[in-house]
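Chemist: Turn this into a structure:
(4 chains)
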2 protein chains.
Amino acid sequence: MSEEKEITIYDIAKHLNISPTTVSRGLKDHPTINIKTRKKIAEAARQLGYRSNTFASSLRSKRTQTLGVIVPRLNSSFMSSVLAGMENAASREGYNLIIAQSLEQADKEMENVLTMFNKRVDGLLVSLAHSSENVRHFDMFFNKKIPVIFFDRVAPHPDSTSIIIDNFTAAYQVTRHLIMQGHKRIMHLGGNMLLNVYSERLRGYKQALQDHKLHFDEKLVITGNLTEECGTDTAKQLLKLKPKDRPEAVFSANDTAAVYCMIALKNAGINIPEDIAFAGFNNDPISRVIEPNLTTVNYPGYNMGQAAVTSLANHLNGDTNITNTNTIVLRSELIIRASSGKRK
Amino acid sequence: MSEEKEITIYDIAKHLNISPTTVSRGLKDHPTINIKTRKKIAEAARQLGYRSNTFASSLRSKRTQTLGVIVPRLNSSFMSSVLAGMENAASREGYNLIIAQSLEQADKEMENVLTMFNKRVDGLLVSLAHSSENVRHFDMFFNKKIPVIFFDRVAPHPDSTSIIIDNFTAAYQVTRHLIMQGHKRIMHLGGNMLLNVYSERLRGYKQALQDHKLHFDEKLVITGNLTEECGTDTAKQLLKLKPKDRPEAVFSANDTAAVYCMIALKNAGINIPEDIAFAGFNNDPISRVIEPNLTTVNYPGYNMGQAAVTSLANHLNGDTNITNTNTIVLRSELIIRASSGKRK
DNA sequence: ATAAAAAATACAACCGATTGTATTTTTTAC
DNA sequence: GTAAAAAATACAATCGGTTGTATTTTTTAT
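Modeler: Presented below is the predicted three-dimensional model:
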């Protein structure tokens, strides 16, 4: 049963004493091949353990049944959900995923794009790196009309579709919720404002303040990289202030920073939410472990991954044409937990 | 700038008036090609908008520069670290990753194996599904001498290498630590004992008890799927017992179950570690958020991913021969935190 | 200056399937 | 029975790199 050598159509041809052409056509049920011959070929193929060589055939055809995925980092709770959803949909649609990470670096992202291009992926799914200031490195895809879908961290481009949540509205709702809970001086801890996700959240925050006649104070907006350290540092800043100068609530653009900020404040004896309320973004697992549990926005990563791949696959199958679709907005939801409770 | 026709090495050759062979070798920095020629080729390639045709290349070289990865689930903290490490190493070694998840189902795993086989991956990296009772479905790889590396959830096989941590010793250390803290009746919350990782941890637990002259009580071993729910359920069981019958400490085979068990117990007014101490496994982010912080074992996922890919790549490059390597054991470490403190 | 060694480049076969065209075989029509 | 039409099969070029070996060019040694 051990097969040392790869079986080719030539082996089948020799075995049946017919030509390779007939075998090739027979294997794909070409109508000019006698039906009895086709049966014999199929039988021989199975018997000999033949498997088609996709490279040889792809040399001509164009499709690889492979999708490229480029993400900033693989190891975040959100991204791993996205990938799980993508893999699930891809598997269902008969595609494979080639995955690469940009590590937030624009040059690595460019490199990844090139690799995907050379690998002849049928389509590309991208969440942009921090340092990607434009999307010109995707032009090779656009020029060749290979579909590109941006998700989460997107950039507007006429030839591509974006899949996002409504960050503006989500942030608006978070902020409004905090306001409704009686908090007036609300701080926003945001990310890199060059990225749509963070700038939109800031915009939602501002709009909510304005709509509720609250003064927008520039000093209450801090931007950082939203890591653990960033959260801890923010806590340090807060602790330097006199208690009465401290904001009454903090709306962080992600859960990680919120949680580590909370931990540091709690260690300093500050009560949450009585002294300072908190809200985050993403609905990471840690948001349900921190005490008090963190109010946050559920970010449908799994669905986003599925949606992205499904759209792409439909486009490639010709079922729908994605070039007419500019943006797909997924539903997110505010999850209210104890951290955003009322003031004492 | 729009390129209708694909540029090939023949076009570059003609353009520079040299042979296609030289172009081919020049493009991959073959040392026998003059460095000035290489530069000229690279320049011409960029100018003409050349992209390598991987099909043609794979057809001839029989190598796809692609590694297959099959994991139970993509969206866990540990697995996403592993993948990040794998991607990092793969990128460095010039390989791409095709990733699929088995969702813990043996039949899905078999399907994935077949896909990877037909995609002609150069090697396979696998963490086994819960329900995989044997590894016969990998025989097509073994027969063809395509290297397979198992990591984390492994099965012994003469033709493959396993990359693991020393689960036995790690569990031994956790248990010993709990004993040293003064805990005597220690419960073990374990996973599917058909999997090496969980059976080894149980073994380490037992051995530590024995070495410290503690009686092993079968009733103190519970097995489950180690999910949040499993943790919560375990807490319910514990709460049903009379306080004096409760174990003094719980050693859970992962952090998720430990943390959710702790949360449920805390909600019921039980103090940790004064009433019951806890220790987990994996060093998930949640272990540093739960209060008290969870004593656990740091599981070097990122390193494991890197090590797996690096070994595979070295083997494929012929640098080392992996068939002589049975097992690679990575260092793990006990991380002592407050949850395993002394009894009141 | 010349032979030997090393470096650089070229030749040509090859990987395995596809496809337009040619050839052979079978069927149909008269 | 024979020519024309239809069906079935075969030939040979092709896709675009790769690679062992041969050839040419350059460098080194004597």
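Chemist: Stretch A:69-88 spans what distance, first to last residue?
Modeler: 14 Å (CA to CA, to the nearest Å).
Chemist: looking just at contacts, which helices and strands does the worst-scoring helix or strand of chain A on mean pLDDT meet?
Modeler: With mean pLDDT, DSSP states H and E as the measure, the helix or strand of chain A carrying the lowest mean pLDDT is helix A:54-58 (a mean of 80). Identification of packing neighbours for helix A:54-58 by 3 or more CB pairs under 8 Å, 6 or more residues apart in numbering or on different chains; DSSP states H and E yields helix B:54-61. For glycine as for every other residue, the C-beta is placed from the backbone atoms N, C-alpha and C.
Chemist: just checking, next helix/strand downstream of the helix or strand hosting A:Tyr205?
Modeler: Here A:Tyr205 sits within helix A:196-211, counting by DSSP states H and E. Sequence-wise, the next helix or strand downstream of helix A:196-211 (DSSP H and E) is strand A:221-223.
Chemist: neighbouring strands for that next one, and are they parallel or not?
Modeler: strand A:186-190 (parallel) (DSSP bridges).
Chemist: all helices for the stretch 151-300 of chain A, in order.
Modeler: In the stretch 151-300 of chain A, the helices defined using DSSP state H, counting those that start in this stretch lie at A:167-180, A:196-211, A:228-240, A:255-267.
Chemist: what would these look like in a markdown table with mean neighbour count, mean pLDDT and distance to A:Ser160?
Modeler: What follows is the helices of the stretch 151-300 of chain A, written out as a markdown table (neighbours: other CB atoms under 10 Å in any protein chain shown; pLDDT from 0 to 100; distance: least, CB to CB, whole Å):
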| stretch | mean neighbour count | mean pLDDT | distance to A:Ser160 |
| --- | --- | --- | --- |
| helix A:167-180 | 22 | 98 | 18 |
| helix A:196-211 | 20 | 97 | 13 |
| helix A:228-240 | 17 | 97 | 31 |
| helix A:255-267 | 24 | 98 | 29 |
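Chemist: Might you report the residue contacts of the nearest residue to A:Asp284 once chain neighbours are set aside?
Modeler: Spatial nearest neighbour of A:Asp284, excluding adjacent residues (CB to CB, 6 or more residues apart in numbering or on different chains): A:Asp255 at 4.1 Å. Each residue near A:Asp255 by CB atoms under 8 Å, 6 or more residues apart in numbering or on different chains is listed here: A:Gly280, A:Phe281, A:Asn282, A:Asn283, A:Asp284, A:Ile286, A:Ser287, A:Leu294, A:Thr296.
Chemist: didn't A:Glu248 look like it was pressed against A:Ile179?
Modeler: No - counting by CB atoms under 8 Å, A:Glu248 does not reach A:Ile179; the two are 10.1 Å apart.
Chemist: what touches both of those two?
Modeler: Common neighbours of A:Glu248 and A:Ile179 (CB under 8 Å, 6+ apart) are A:Ile186.
Chemist: does the least confident helix or strand of chain A come close to DNA strand C?
Modeler: Yes - Helix A:54-58 reaches DNA strand C (CB under 7 Å from any atom of the strand) through A:Ala56, A:Ser57.
Chemist: residues of that helix that come out buried?
Modeler: Within helix A:54-58, the residues that count as buried by 16 or more other CB atoms under 10 Å in any protein chain shown are A:Thr54, A:Phe55, A:Ser58.
Chemist: surely the second one meets B:Lys62?
Modeler: It refers to A:Phe55. No - taking contacts as CB under 8 Å, A:Phe55 lies outside contact range of B:Lys62: 9.1 Å.
Chemist: ends of stretch A:289-301, how far apart?
Modeler: Stretch A:289-301: ends 20 Å apart by CA to CA.
Chemist: Look up the closest residue to A:Gly26, ignoring the ones flanking it.
Modeler: A:Ile41 (3.8 Å).
Chemist: hang on, the earlier thing: please enumerate the shared neighbours of A:Phe55 and B:Lys62.
Modeler: B:Arg120.
Chemist: roughly how far apart are A:Ile186 and A:Ala258?
Modeler: 13 Å (CB to CB, to the nearest Å).
Chemist: Determine the number of other residues adjacent to the closest residue to A:Leu214 other than its chain neighbours.
Modeler: Nearest residue to A:Leu214, sequence neighbours excluded (CB to CB, 6+ apart): A:Lys184, at 6.2 Å. Residue neighbour count, defined by other CB atoms under 10 Å in any protein chain shown, stands at 14 for A:Lys184.
Chemist: swap in the one 4 residues further on?
Modeler: Neighbours of A:His188 under the rule other CB under 10 Å: 27.
Chemist: Over to the one 5 residues further on?
Modeler: When neighbours are defined as other CB under 10 Å, A:Met193 has 15 of them.
Chemist: ok, the nearest residue to it once chain neighbours are set aside to DNA strand C distance?
Modeler: Leaving out its chain neighbours, the residue that sits closest to A:Met193 by CB to CB, 6+ apart is A:Ser199, at 4.8 Å. Here the criterion is CB to the nearest atom of the strand, to the nearest Å. By it, A:Ser199 lies 48 Å from DNA strand C.
Chemist: Likewise for A:Pro273?
Modeler: 64 Å.
Chemist: Please name the residues that touch that residue.
Modeler: A:Gln181, A:Ala249, A:Pro292, A:Ala338, A:Ser339, A:Ser340, A:Gly341, A:Lys342, A:Arg343.
Chemist: Return the residues in contact with the first one.
Modeler: Meaning A:Gln181. Contacts of A:Gln181 by CB under 8 Å, 6+ apart are A:Ala249, A:Pro273, A:Ala277, A:Ser340, A:Gly341, A:Lys342, A:Arg343.
Chemist: Report the buried members of these.
Modeler: A:Ala249, A:Pro273, A:Ala277, A:Ser340, A:Gly341.
Chemist: could you dump those to TSV with distance to A:His15 and pLDDT?
Modeler: As requested, the buried ones among the contacts of A:Gln181 are exported to TSV (distance: CB to CB, whole Å; pLDDT from 0 to 100):
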residue	distance to A:His15	pLDDT
A:Ala249	76	97
A:Pro273	77	96
A:Ala277	76	98
A:Ser340	73	97
A:Gly341	77	93
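Chemist: now those in CSV, with distance to B:Lys236?
Modeler: As requested, these are exported to CSV (distance: CB to CB, whole Å):
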residue, distance to B:Lys236
A:Ala249, 35
A:Pro273, 29
A:Ala277, 32
A:Ser340, 29
A:Gly341, 27
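Chemist: between those, which is closest to A:Thr32?
Modeler: A:Thr32 lies nearest to A:Ser340 out of the buried ones among the contacts of A:Gln181, by CB to CB, at 71.4 Å.
Chemist: nearest spatial neighbour of the closest one, skipping sequence neighbours?
Modeler: Leaving aside its chain neighbours, A:Ser340 sits nearest to A:Thr295 (3.8 Å; criterion: CB to CB, 6+ apart).
Chemist: for the buried residues of helix A:54-58, which one is nearest DNA strand D?
Modeler: Relative to DNA strand D, the closest of these is A:Phe55; by CB to the nearest atom of the strand it sits at 8.0 Å.
Chemist: Please tell me how far A:Gln173 sits from A:Thr295.
Modeler: Counting by CB to CB - A:Gln173 and A:Thr295 are separated by 11 Å.
Chemist: and for these two, which residues touch both?
Modeler: A:Leu334.
Chemist: pretty sure the residue nearest to A:Ser340 is touching A:Thr175, no?
Modeler: No - in this structure, A:Thr295 is not within contact of A:Thr175 by CB under 8 Å, at 11.4 Å.
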